[in-house]
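**Student:** let me see the structure of the following:
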Amino acid sequence: MQLGTRWAVGAPAPAGLPAAVIAAIGAVEAEVAAFDTSAWRWTLTWLEGRPVVELDDGTTIRYDPVRDAATVSSAD
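**Tutor:** Residues are numbered from 1 along each chain as shown. A predicted model of the protein is given here:
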């Protein structure tokens with residue numbers, strides 16, 4: 001595992017993320033826009049060279065490079 005970074009909801013995502021992951025982040029942020037997310041952060045880690053992005057509420061975005069697609073799963 002390679003360490004990544006953390007950033008605030010609404011702030012630009014780190015450079016180097018695939019477009020599918022950035023789009024998924026935007027979609028999740030649109031869904032949670034009605035909530036007070038001022039203290040929420042995204043955490044990026046790299047697992048086997050693939051980005052895994054997790055929101056403080058447990059929502060996780062994983063990237064599949066074969067399909068060039070991101071999958072969003074919620075903590076529910």
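**Student:** how about the strands in the chain?
**Tutor:** Along the chain, the segments classed as strands by DSSP state E run 2-8, 41-47, 50-55, 60-64, 69-73.
**Student:** beta-bridge partners for the closest residue to Ala27 other than its chain neighbours, please?
**Tutor:** Nearest residue to Ala27 in three dimensions, chain neighbours excluded: Val72, at 7.2 Å (C-beta to C-beta, 6 or more residues apart in numbering). For the C-beta atoms, the positions are set from N, CA and C on the backbone; glycine is no exception. Beta-bridge partners recorded for Val72 (DSSP bridges): Ile61.
**Student:** count the neighbours of Val72 for me.
**Tutor:** Applying the criterion other C-beta atoms under 10 Å, we find 16 residues in the vicinity of Val72.
**Student:** circling back to that earlier point, any idea which of the strands of the chain is most buried?
**Tutor:** strand 50-55 (a mean of 20; mean count of other C-beta atoms under 10 Å).
**Student:** helices or strands up against it?
**Tutor:** Packing partners of strand 50-55 (3 or more C-beta pairs under 8 Å, 6 or more residues apart in numbering; DSSP states H and E): helix 19-31, strand 41-47, strand 60-64.
**Student:** okay, the ones you listed in JSON lines with distance to Glu54 and mean pLDDT next?
**Tutor:** Formatted as JSON lines, these follow (distance: least, C-beta to C-beta, whole Å; pLDDT from 0 to 100):
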{"stretch": "helix 19-31", "distance to Glu54": "11", "mean pLDDT": "97"}
{"stretch": "strand 41-47", "distance to Glu54": "5", "mean pLDDT": "96"}
{"stretch": "strand 60-64", "distance to Glu54": "5", "mean pLDDT": "98"}
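**Student:** tell me the mean pLDDT over stretch 67-76?
**Tutor:** Averaging pLDDT along stretch 67-76 gives 92.
**Student:** before we move on, the earlier item: distance to Ala30 for the strands of the chain - can I get that in a markdown table?
**Tutor:** Listed next are these as a markdown table, based on distance: least, C-beta to C-beta, whole Å:
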| stretch | distance to Ala30 |
| --- | --- |
| strand 2-8 | 16 |
| strand 41-47 | 14 |
| strand 50-55 | 13 |
| strand 60-64 | 14 |
| strand 69-73 | 12 |
